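S.K.: How does the following fold in three dimensions:
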Amino acid sequence: MDYYEILEVAKTATADEIKKSYRKLALKYHPDRNHGEKAAEAKFKQINEAYAVLSDPQKRQQYDTYGSSGFHERYSQEDIFRGFDLNDILRQFGFGGASFGGSGASFRASSGANPFSSVFGQTAGMGGGCGGGNCRPQPARGEDQTYAISITLEDVLHGAEKTISLRRNGQSQNVSVKIPKGIESGKRLRLSGKGAPSPSGGAPGDLFLKINIAPHPLFTRQGDDLIIEKRIPFSEACLGTEVEVTSLEGKRFKIKVPAGIQQDAKLRIKGQGLPAGPIGKRGDMLVKISIRIPQELSTEQQGVVGQLAEVGL
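M.R.: You can find the predicted model right below:
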C-alpha cells in the first residue's frame with residue numbers, strides 16, 4: 001500500500017499539500033455521500049490511514065525510511081491510529097463529523113483503537129466494509145502475542161534472518177523473520193497472523209517480536225555509534241602515541257593519540273558505526289581512551305615518578 005499514491009501526492013509533498021489532497025478525497029469518498037457503496041467505504045478507510053501516517057512527521061519519516069512493508073512490521077493498526085481523531089479532523093474540514101448514514105458513531109482513536117471498527121467492523125485499509133448499519137457481527141480475532149528475540153551487534157550491522165519455533169495446536173512451527181539493519185533494542189517486529197488463533201473462527205492475532213541486543217565483549221552502542229575502550233599507559237597519555245583498533249566487521253585502523261589526552265576522551269573513526277536503519281548512513285566508531293595507572297610500582301619506577309613529582313608533573 002503506497003500512502004502517497006492513495007492521497008494522490010508526490011513523495012516530496014508538503015504538509016499543506018497533503019492536507020489539501022486529503023480534504024478533497026475525504027469529501028469525495030465520505031460514507032454519507034456514498035451510502036452502502038463498499039468500494040467508497042474501503043477507499044475512505046485507506047485515505048484516512050494514509051493521512052494518519054503522512055500527517056504525523058515521525059510516522060512519515062519512518063514510512064519514508066523503511067518503505068511500506070518495513071513500516072508495517074513496526075507499526076500495528078493501533079499504532080497508526082494512535083492520537084488520530086477522525087471526527088475532529090473532519091470537523092476541521094467542515095464535514096460535520098462522520099455519521100455514516102446517521103449512525104452517530106464516534107471515531108476517536110486517542111488510545112490507539114481502530115477508528116472504523118465501531119461501524120465497519122473490519123480493520124481500516126483492508127478492504128470490505130458495511131455501511132448504513134447493515135454489518136454482520138465479525139468473529140473476534142485472536143489475541144496478539146509477544147515473543148522476545150535476542151540478536152547481536154553484528155546482526156544490527158548487516159541485517160539477519162532468524163528462525164523461531166512456535167507452538168500451534170500442539171505442534172512446532174518454524175517461522176522465518178528478517179531483522180533489518182540498524183534496528184534498536186526494544187523495537188518490535190510484527191508478523192501478521194502469527195499470533196493466537198481466534199476462539200470463534202476469526203482471524204488469528206499478530207505476533208510481535210521484541211528485539212533484545214545481546215552485550216558485546218568489546219563494543220557498546222550509543223545511538224548509531226559504537227564505542228570501544230583502549231587502555232594506554234600514563235607515559236603515552238603524556239607524550240602521545242599511536243594505537244591500533246579493530247572495527248566490528250574486522251577492519252583494522254591505526255589512530256594517533258595526541259599528547260596530553262585526558263581520561264575518557266574519545267577519538268572518532270567516521271563511518272565505522274551502525275547503520276541508521278536499512279538505508280541510512282552509518283554512525284562512527286569512537287575510541288574511548290582509558291589511562292592505565294599501575295597499582296604497584298617497582299623501586300625504579302617509584303624513583304622516576306618521584307622525579308616527575310619534583311618537577312611538578
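S.K.: how far is the one helix or strand Val304 maps to from where the chain is centred?
M.R.: Element membership for Val304, per DSSP states H and E: helix 299-310. Relative to its parent chain, helix 299-310 has a centroid offset of 56 Å by Cα atoms, centre = their mean, to the nearest Å.
S.K.: And the contacts of it?
M.R.: Taking contacts as Cβ atoms under 8 Å, 6 or more residues apart in numbering, the residues outside helix 299-310 that touch it are 294, 297. Every C-beta, even on glycine, is put in place using the N, C-alpha and C of the backbone.
S.K.: mind checking the SS state of Asn48?
M.R.: Under DSSP: H, G, I helix; E, B strand; the rest coil, Asn48 falls in the helix class.
S.K.: Test my guess that it contacts Arg23.
M.R.: No - counting by Cβ atoms under 8 Å, Asn48 stays clear of Arg23, with 11.9 Å between them.
S.K.: neighbour-wise, which of the two wins?
M.R.: The neighbour comparison of Asn48 against Arg23 (other Cβ atoms under 10 Å) goes to Asn48, with 28 against 17.
S.K.: hang on, the earlier thing: could you tell me the average pLDDT over the helix holding Val304, please?
M.R.: Mean pLDDT, computed over helix 299-310, is 86.
S.K.: Also stretch 180-190?
M.R.: The predicted confidence, averaged over stretch 180-190, sits at 90.
S.K.: and that stretch, how far apart are its ends?
M.R.: End-to-end span of stretch 180-190 (Cα to Cα, to the nearest Å): 12 Å.
S.K.: How about stretch 28-41?
M.R.: Using Cα to Cα, the two ends of stretch 28-41 sit 11 Å apart.
S.K.: Flag every buried residue along it.
M.R.: 29-31, 34, 37, 40-41 (16 or more other Cβ atoms under 10 Å).
S.K.: follow-up on the earlier one: can I have the helix holding Val304 written out in PDB, keeping just the CAs?
M.R.: The C-alpha coordinates for helix 299-310 follow below in PDB (Å, rounded to 0.1, in the frame of the first residue of the first chain):
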ATOM      1  CA  THR A 299      61.700   0.700  43.100                       C
ATOM      2  CA  GLU A 300      63.000   2.100  39.800                       C
ATOM      3  CA  GLN A 301      59.500   3.300  38.800                       C
ATOM      4  CA  GLN A 302      59.000   4.900  42.200                       C
ATOM      5  CA  GLY A 303      62.200   6.800  41.700                       C
ATOM      6  CA  VAL A 304      61.200   8.100  38.300                       C
ATOM      7  CA  VAL A 305      57.700   9.100  39.500                       C
ATOM      8  CA  GLY A 306      59.400  10.900  42.400                       C
ATOM      9  CA  GLN A 307      61.500  12.900  40.000                       C
ATOM     10  CA  LEU A 308      58.300  13.800  38.000                       C
ATOM     11  CA  ALA A 309      56.700  15.000  41.200                       C
ATOM     12  CA  GLU A 310      59.700  17.200  41.900                       C
END
